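Colleague: My questions concern the predicted model and sequence given below.
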Amino acid sequence: MTDSFSVSVIIPVYNAVSFVERAIGSVLEQSLPAVEILVVDDCSTDATAQVVATLAQRHPSIRPMRAAVNGGPAAARNLGIAQATGDWIAILDADDAYAPDRLEAMARMAAADPDSDILADDLLYYDAGAGMVTGRAIGAAHMQDRTVTPADYLAHNLADGRGADWGLLKPVIRRAFLMKTGLRYPVGQRHGEDFTFMMHLLLEGARFRILDTAHYLYTQREGAVSRRESTMTRTTIAYAALAQSALELTSHPAIKAQPGLDALLRRRAEGLLRLDDAHFFSQAIRKGALAALLTRALHRPSFVPRVGRQIGRAMQRRVARRRSA
């Protein structure tokens, strides 16, 4: 049943010389091979292109590509989509990797639900400093096999710290659906493009199925075991930009027609702004930038009570630690 599952894997790369071979190697080692691996170089300034070219000489399934200008991950993925020939398209970030059975697991899910347009599995967190997988990102409690609606997807993307974040999922998408709708990653976004793209697919009627097992190795910014920042990941914190992308989606006609979706998007934006305030506060305190804190408070009045609550919780934790000691 899996023999008919043909997938093109797209790997956007930018200055990834020290880890791109790991990502490509994880696709080459799949129990169900990809029909092609499109490595899209987004104008790297290091030796990434040479590493990929050398690998391509040994493995005909690798197709090196190079963007004319640096356009970010969305543009690089779109370039790969335009050249892909497989029935399905899978995205792999250059600092991540696939477990050896990932494509086979996707093929089994596609065979079980022939009408599906999007497939996704859970993530396995990878600590680059320790060189090990540290556990599932979301967990079986939130990843039961099911069809995902726009409301369901948004309800799992509230960024409130209390629920699972499906925005991290790395989908495998039926190429025919992309060709029919013309939908592509939003090139104007450098942050939150995955979330925006997924929402547009769902609002266009894509049938999205999730699998309750994990096969995608997601490199953490800071390792859960090593407690060291990864030298591999290119992920940056941009909560405010993510919040803005959520608010921009509220103007979509399908969102306006469903007030419940609008409310969920605004809850997501609010949760992201709380995270942005918390991150800004921690960075400003670490740097001793009191003037920046005052400026933030003047321009965003909601920042003050949020910081007050954060300080209160920190004091409670400190008191609790002292009592336990």
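Modeller: Received it, and whenever you're ready, just let me know what you need. A quick note: this is a predicted structure, and the numbers were derived from the prediction, not measured.
Colleague: Do me a favour and average the pLDDT over stretch 94-113.
Modeller: Mean per-residue pLDDT for stretch 94-113: 97.
Colleague: Pull out the buried positions in it.
Modeller: Across stretch 94-113, burial judged by 16 or more other Cβ atoms under 10 Å covers 94-99, 101-110. Where you see a C-beta, it was placed from the backbone N, CA and C, and this is true even at glycine.
Colleague: Convert it to CSV, retaining C-alpha atoms only.
Modeller: Output of stretch 94-113 as CSV, limited to C-alpha atoms (Å, rounded to 0.1, in the frame of the first residue of the first chain):
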residue,chain,number,x,y,z
ALA,A,94,17.9,22.2,7.5
ASP,A,95,18.6,22.0,11.3
ASP,A,96,16.1,19.2,11.8
ALA,A,97,16.0,15.5,10.6
TYR,A,98,13.5,12.7,10.0
ALA,A,99,13.4,9.5,11.9
PRO,A,100,14.1,6.6,9.5
ASP,A,101,10.5,5.6,9.2
ARG,A,102,8.8,9.0,8.9
LEU,A,103,7.9,8.8,5.2
GLU,A,104,6.7,5.2,5.6
ALA,A,105,4.4,6.4,8.5
MET,A,106,3.0,9.2,6.3
ALA,A,107,2.4,6.7,3.5
ARG,A,108,0.4,4.4,5.8
MET,A,109,-1.7,7.3,6.9
ALA,A,110,-2.3,8.4,3.3
ALA,A,111,-3.4,4.8,2.5
ALA,A,112,-5.8,4.8,5.4
ASP,A,113,-7.4,8.1,4.4
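Colleague: Check which helices and strands the helix or strand hosting Ala75 sits against.
Modeller: If you go by DSSP states H and E, Ala75 is part of helix 72-83. Secondary-structure packing of helix 72-83 (3 or more Cβ pairs under 8 Å, 6 or more residues apart in numbering; DSSP states H and E): strand 7-13, strand 36-41, strand 62-66, strand 88-91, helix 193-203.
Colleague: Now do that helix against strand 36-41, angle only.
Modeller: Put simply, helix 72-83 runs at 140 degrees to strand 36-41, going by axes from the mean of the first three to the mean of the last three Cα atoms, to 10 degrees.
Colleague: what's next to helix 72-83, contact-wise?
Modeller: Contact with helix 72-83 is made by 8, 10-14, 38, 40, 42, 63, 65, 67, 89, 91, 93, 175, 178, 184-187, 189-190, 193, 197, as judged by Cβ atoms under 8 Å, 6 or more residues apart in numbering.
Colleague: Recalculate using a threshold of 6 Å.
Modeller: Identification of contacts with helix 72-83 by Cβ atoms under 6 Å, 6 or more residues apart in numbering yields 10, 12, 38, 40, 42, 67, 184-187, 190, 193.
Colleague: For these, pick the one with the most neighbours.
Modeller: Pro12 (28 neighbours; other Cβ atoms under 10 Å).
Colleague: What distance do you get for the nearest residue to it once chain neighbours are set aside to Thr54?
Modeller: Nearest non-adjacent residue to Pro12, counting by Cβ to Cβ, 6 or more residues apart in numbering: Ala76, 3.5 Å away. Distance, Ala76 to Thr54, by Cβ to Cβ, to the nearest Å: 20 Å.
Colleague: How about Thr147?
Modeller: Going from Thr147 to Thr54 by Cβ to Cβ gives 43 Å.
Colleague: Name whatever forms a beta bridge with Asp41.
Modeller: Val13, Arg66 (DSSP bridges).
Colleague: For burial, what's the neighbour tally of it?
Modeller: Other residues within reach of Asp41, judged by other Cβ under 10 Å, total 24.
Colleague: Over to the one 10 residues further on?
Modeller: For Val51, the number of neighbouring residues by other Cβ under 10 Å comes to 21.
Colleague: And the helix or strand where it lies, what's buried?
Modeller: If you go by DSSP H and E, Val51 is part of helix 48-58. Buried residues in helix 48-58, counting neighbours by 16+ other Cβ under 10 Å, are found at 48-49, 51-52, 55-56.
Colleague: Could you do stretch 154-169 as well?
Modeller: For stretch 154-169, the neighbour count (16+ other Cβ under 10 Å) marks 154-159, 164-169 as buried.
Colleague: Now do the same for Gly86: its pLDDT.
Modeller: 98.
Colleague: nearest residue to it other than its sequence neighbours?
Modeller: The shortest distance from Gly86 to any non-neighbouring residue, by Cβ to Cβ, 6+ apart, is to Ser8 (3.6 Å).
Colleague: before we move on, what about Arg174?
Modeller: Excluding the flanking residues, the one nearest Arg174 by Cβ to Cβ, 6+ apart is Asp117, at 4.7 Å.
Colleague: And Ala176, by the same measure?
Modeller: Spatially, and ignoring its direct neighbours in sequence, Ala176 is nearest to Asp87 (7.2 Å; Cβ to Cβ, 6+ apart).
Colleague: Measure how buried that neighbour is and give me the count.
Modeller: Neighbours around Asp87, by other Cβ under 10 Å: 15.
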